[in-house]
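Novice: any chance you can model this:
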Amino acid sequence: MNIHGNVHAIAAIYRFEMARTFRTITQSIASPVLSTSLYFVVFGAAIGSRMGDIEGVSYGAFIIPGLLMLSLLNESISNASFGIYMPKWAGTIYELLSAPVSYVEVVIGYVGAAATKSLLLGVLILITARLFVPYEIAHPFWMLCFLLLTAVTFSLFGFIIGLWADDFQKLQVIPLMVVMPLTFLGGAFYSIKMLPPVWQTVTLFNPVVYLISGFRWSFYGVSDVNVGVSVAVILGFLVACLAAVWWIFKTGWKLKA
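Specialist: Next up, the predicted model:
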């Protein structure tokens, strides 16, 4: 297939997925923004006003990167996993696999759409946060880099989950039982420096700590771990997801319902 055909194939998948989002905009966009806004009201405005600063940052502002990361991880995984699972469930994945479309184009189409939805959601949450809590972004370029890398990486991860899942229940197991607890325990609402030394060490085995810490650094210039390590962790996970997707399509594992 020529380059012109490649672009059309990617665009067709991308447009289909984005159209599905806007058909269910209440569930896809409005609901996550509303849920995160409630966190800002409760933890930012109500509780935050009664707590002191953390590393020179007001508590309401301190939790913004963590809350944004919480929504970004969950929505990236959910969007991508549901997007690729539906063709498996409906049986239309056979048409996709038999079409003159490479797996690279399939991945770019589905993952690109899922990442776009997550980025749109992230921007809306940042705008909404401004209504409740004043904040500054010290390193806008790096904030965008972390936002983009996280959205793409966890959309790829969600794509893998969608291929792995045999039913709708499995689509929710990892986001609810693994990712969300790791995010809550990864410093979304606190600095791990506030923990006892032993628990600080244990927490460093949580990969989400590095995502939240690096993202928070891009806002306020403070972090729990070295920023270079945060970047290395997310790039390492991105490479691992790419390798997993390549292996799945090479072997044909789980490509059938």
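
Novice: longest helix of this protein?
Specialist: Among the elements of type helix in the chain, defined by DSSP state H, the one spanning the most residues is helix 103-132.

Novice: what average pLDDT does it get?
Specialist: Averaging pLDDT along helix 103-132 gives 88.

Novice: what packs against the helix or strand just after it?
Specialist: Scanning forward in sequence from helix 103-132 by DSSP states H and E, the next helix or strand is helix 140-164. Contact analysis of helix 140-164 by 3 or more C-beta pairs under 8 Å, 6 or more residues apart in numbering; DSSP states H and E lists helix 64-90, helix 103-132, helix 168-174, helix 207-220, helix 227-251 as its packing neighbours. (C-beta placed from N, C-alpha, C; glycine too.)

Novice: any idea of the angle the longest helix of the chain forms with helix 140-164?
Specialist: Regarding helix 103-132 and helix 140-164, their directions subtend 130 degrees when assessed with axes from the mean of the first three to the mean of the last three C-alpha atoms, to 10 degrees.

Novice: just list what helix 103-132 packs against, helices and strands only.
Specialist: Counting contacts by 3+ C-beta pairs under 8 Å, 6+ apart, the secondary-structure elements packed against helix 103-132 are helix 3-23, helix 31-39, helix 64-90, helix 140-164, helix 227-251.

Novice: need the winner for burial among those helices.
Specialist: Among the helices and strands packed on helix 103-132, ranked by average contacts under mean count of other C-beta atoms under 10 Å, first place goes to helix 64-90 (a mean of 24).

Novice: now that helix: average pLDDT?
Specialist: Average pLDDT, helix 64-90: 87.

Novice: residue contacts, the most centrally placed residue in the chain?
Specialist: For the chain, the residue nearest the mean C-alpha position is residue 73 (2.7 Å; C-alpha atoms, centre = their mean). Shown here is residue 73, whose contacts under the criterion C-beta atoms under 8 Å, 6 or more residues apart in numbering are 150, 154, 175, 179, 183, 208, 211.

Novice: relative to residue 59, which of those is nearest.
Specialist: Compare each of those with residue 59 using C-beta to C-beta and the shortest gap goes to residue 183, at 17.8 Å.

Novice: touching, that closest one and residue 71? I think so.
Specialist: No. Counting by C-beta atoms under 8 Å, residue 183 sits too far from residue 71 to count as a contact (9.6 Å).

Novice: pLDDT weak spots in the stretch 101-250 of the chain?
Specialist: Under the criterion pLDDT under 70, no range of the stretch 101-250 of the chain is flagged.

Novice: let's see 80
Specialist: When residues are selected by pLDDT under 80, those of the stretch 101-250 of the chain lie in 101-102.

Novice: next one: residue 75 from residue 17, what distance?
Specialist: When distance is defined by C-beta to C-beta, to the nearest Å, residue 75 is 13 Å away from residue 17.

Novice: could you do residue 61 as well?
Specialist: Computed as C-beta to C-beta, the residue 61 to residue 17 distance reads 34 Å.

Novice: now what about stretch 19-37, what contacts it?
Specialist: Here stretch 19-37 makes contact (C-beta under 8 Å, 6+ apart) with 67-68, 70-71, 74-75, 79, 83, 113, 117, 120-121, 124-125, 128-129, 132.

Novice: for the residue lying closest to residue 85 once chain neighbours are set aside, list the residues it contacts.
Specialist: Nearest-residue entry for residue 85: residue 162, 4.1 Å, with adjacent residues in sequence omitted and distances by C-beta to C-beta, 6 or more residues apart in numbering. With contacts defined as C-beta under 8 Å, 6+ apart, residue 162 is in contact with 80-85, 88, 171.

Novice: got the residues you listed as TSV, with distance to residue 237 columns?
Specialist: Output for the contacts of residue 162, formatted as TSV (distance: C-beta to C-beta, whole Å):
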residue	distance to residue 237
80	14
81	16
82	21
83	20
84	19
85	21
88	24
171	20
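
Novice: just flag the most distant two among these.
Specialist: 80 and 88 (13.1 Å).

Novice: state the distance from residue 253 to residue 183.
Specialist: Taking C-beta to C-beta as the criterion, residue 253 is separated from residue 183 by 28 Å.
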